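**Q** sequence unavailable; structure follows:
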DNA sequence: CGGCCGGATTTGACCGGTCAAATCACGGAG
DNA sequence: CTCCGTGATTTGACCGGTCAAATCCGGCCG
């Protein structure tokens, strides 16, 4: 089914059909109806490839699945939201893989050289992500889920991120409001790089200091249940153990919960526990896990919105920081 | 950078350049060298869109992210492997979303009508998946991760699946060999549909019967930690509790582990526990979780291999059943 | 020395759209 | 009545490749 067949059927020229679809205001209403009917009865859909060739737009956004993406329970949900958002803009998401770091850049370059994609959405951004300056230099459009944390200056490119600092600070405030004076934190040892983990920790620490609460922190050696359980054990073994524990991810929180239960303590009563991400684990534990929900759909929508936006003249990076939403469940029955 | 520019640079016609890339045997070696050098120095890469238009091949495989895909910790790993496998065949994966069931079929149809994809890889297949007959009828190429379980007859289309039945039977055999006489099973209530869950259960039950072991089964009301913990509690509260528990997924196994620990019992000593999937949870628990690893990379490779294969003349469905691999960790220290 | 053959290379048409410029039709102004 | 302007529609060229048929060219044979 091609444009010309529709045109023949409707008794007009191919361009008129094209206009009906792309610039209806140029076409006489009566003609429009006739063409629309032909389109309808023939079940015509324009060929994406041909359109892409002519307009020089692939209609595809590239997204790289990093080796680590499976390590966060959250990325799956994000990918789903991103796919939906891309579809809403009439395009599609093209998935690819690339080695980490500098070596992976060639893959991005190839996709652009082949005009296989129009732009990229990055995620799993790391400390000084090499992709940002590299793509920006070459004038390739992209947006990034997650800030970069350059040691000095600023990375180019626009990003969207969730304010883990504010969310964790808020958790502390509300836990404190609920009567907790010793609020611990369980994070994981990020390998030297700043990132979401330290952002969340800083939020917790910042508010604890503000409120004059003690510094009760333990780190898991990895983002694992076992590591979290050990970290929690360290905290709970202290002479003055915390009565609430803020964990940097849901997975860690579940590990903490396990340790709490093993000691015969009751989560949400003896020890309150919170997580981060609102992943499937959060509704999977007994009485549910109080956690911070990332506004996934909005993140995805914003990332695409920024892609359309004219790249800032001064291409200094600019970003959008979205608030996380505290979801109260049984593990920390915060009021209000 | 276009074909003609390269041709001009090398002093040949466009078609010669095209031949160097697609049918080198037709080109004089000396000319080949000259053209290759031109390609090299100009950094030419053929335009995917143009090639697609001419060859009528999008070079894209469609994959639908179902609403539920996030519910299995495993699908993330699968998606990664699939992406890599598709790349290995010189194509790319196009992601999309669609409503479940019949209503989603229109989305598949649109992608084909627009010639946006060459074929589909399906996953999250359900009992009598409507997609299989529908796609087959229309002559659309696809392969499916996961069998369909038609009530009668056979669904068309080719599939790849992991033999959960055999793997669970093997687990029972080895647990029995390690001295266990009461081996329980924790699955989840699949909503009436046959699927991977019941396949695994059947394997467990089959071997238990064969060995004359008692039927100790409890179902979680959902694939959740809490449900699994309750199911495990039921089993462990019985007058003759199991000494080993086979769980239908890693997540369920972790739930079981939690209940075991809470009772002061030691996993891998007092009660042995196994999971299924070898997801990130399996290495995340203390001493690790003995589980069944799906041959993810091979699954992906086979799915693509079947796509190339000529659709069987008698388009009765045909499939590949791959063995799962038992990975021994601390929760069930099986010898051998 | 002309004809023929086969490999190497080039030419023309096409894939299915879009863009820009050209043509057409019609009504109002001069 | 002619000319012009405007809106509607059509035509020709092009996007960047591939396919198939045509051309070129050197060597071999008669």
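**A** Here it is on my side, so go on. Keep in mind it's a predicted model, so treat the numbers as computed, not measured.
**Q** contacts and neighbour counts: CA atoms only from here.
**A** Noted.
**Q** pull the contacting residues for the closest residue to residue A:150 other than its chain neighbours.
**A** Nearest non-adjacent residue to residue A:150, counting by Cα to Cα, 6 or more residues apart in numbering or on different chains: residue A:128, 5.0 Å away. Contacts for residue A:128 (Cα atoms under 8 Å, 6 or more residues apart in numbering or on different chains) come out as A:148, A:149, A:150, A:151, A:155.
**Q** confirm for me that the second one is in contact with residue A:130.
**A** Pointing back at residue A:149 there. No: assessed by Cα atoms under 8 Å, residue A:149 is found out of contact with residue A:130, at 11.4 Å.
**Q** now list whatever residues contact both of those two.
**A** Residues touching both residue A:149 and residue A:130 by Cα under 8 Å, 6+ apart: none at all.
**Q** below-threshold pLDDT in the stretch 1-150 of chain A: ranges please.
**A** Low-confidence segments of the stretch 1-150 of chain A, defined by pLDDT under 70: A:68-71.
**Q** look through chain A and state the residue closest to DNA strand C.
**A** In chain A, the residue that lies nearest DNA strand C is residue A:3 (3.4 Å; Cα to the nearest atom of the strand).
**Q** ok, that residue - contacts?
**A** Shown in contact with residue A:3 (Cα under 8 Å, 6+ apart): A:14, A:17, A:18, A:44, A:46.
**Q** quick one: it and residue A:333, what's the gap?
**A** Per Cα to Cα, to the nearest Å, residue A:3 is found 61 Å from residue A:333.
**Q** could you do residue A:140 as well?
**A** According to Cα to Cα, residue A:140 stands 47 Å off from residue A:333.
**Q** the two - which one has more neighbours?
**A** More neighbours surround residue A:333 than the other of residue A:140 and residue A:333, with 21 against 18 (other Cα atoms under 10 Å in any protein chain shown).
**Q** quick one, what contacts that one?
**A** Listed by Cα under 8 Å, 6+ apart, the contact partners of residue A:333 are A:268, A:272, A:290.
**Q** again, only using 10 Å
**A** Going by Cα atoms under 10 Å, 6 or more residues apart in numbering or on different chains, residue A:333 touches A:175, A:178, A:267-269, A:272-274, A:287-290, A:327.
**Q** go on, residue A:295?
**A** By Cα under 10 Å, 6+ apart, residue A:295 lies in contact with A:78, A:81, A:161, A:162, A:277, A:322, A:323, A:324, A:325.
**Q** which of the residues you listed come close to chain B?
**A** Counting by Cα under 10 Å from any Cα of the partner chain, A:78, A:81 from the contacts of residue A:295 sit close to chain B.
**Q** most neighbours, which of the contacts of residue A:295?
**A** When neighbours are counted by other Cα under 10 Å, residue A:277 leads those with 27 neighbours.
**Q** need the pLDDT of that residue.
**A** For residue A:277, the pLDDT comes out at 93.
**Q** for it, list each beta-bridge partner.
**A** Assessed by DSSP bridges, residue A:277 has beta-bridge partners residue A:293.
**Q** that one and residue A:23: what is the separation?
**A** 43 Å.
**Q** count of neighbours near whichever residue of the stretch 101-250 of chain A sits closest to DNA strand D?
**A** Minimum separation of the stretch 101-250 of chain A from DNA strand D (Cα to the nearest atom of the strand) falls at residue A:114, amounting to 7.7 Å. Look at residue A:114: counted by other Cα under 10 Å, it has 17 neighbours.
**Q** about what we covered before: highest neighbour count among the contacts of residue A:333?
**A** Neighbour counts for those (other Cα under 10 Å) peak at residue A:274, which has 35 neighbours.
**Q** is the helix or strand hosting residue A:251 in proximity to chain B?
**A** In this assignment (DSSP states H and E), residue A:251 forms part of helix A:250-262. Yes: for a cut-off given as Cα under 10 Å from any Cα, helix A:250-262 has contacts with chain B, namely A:251, A:252, A:254, A:255, A:257, A:258, A:259, A:260, A:261, A:262.
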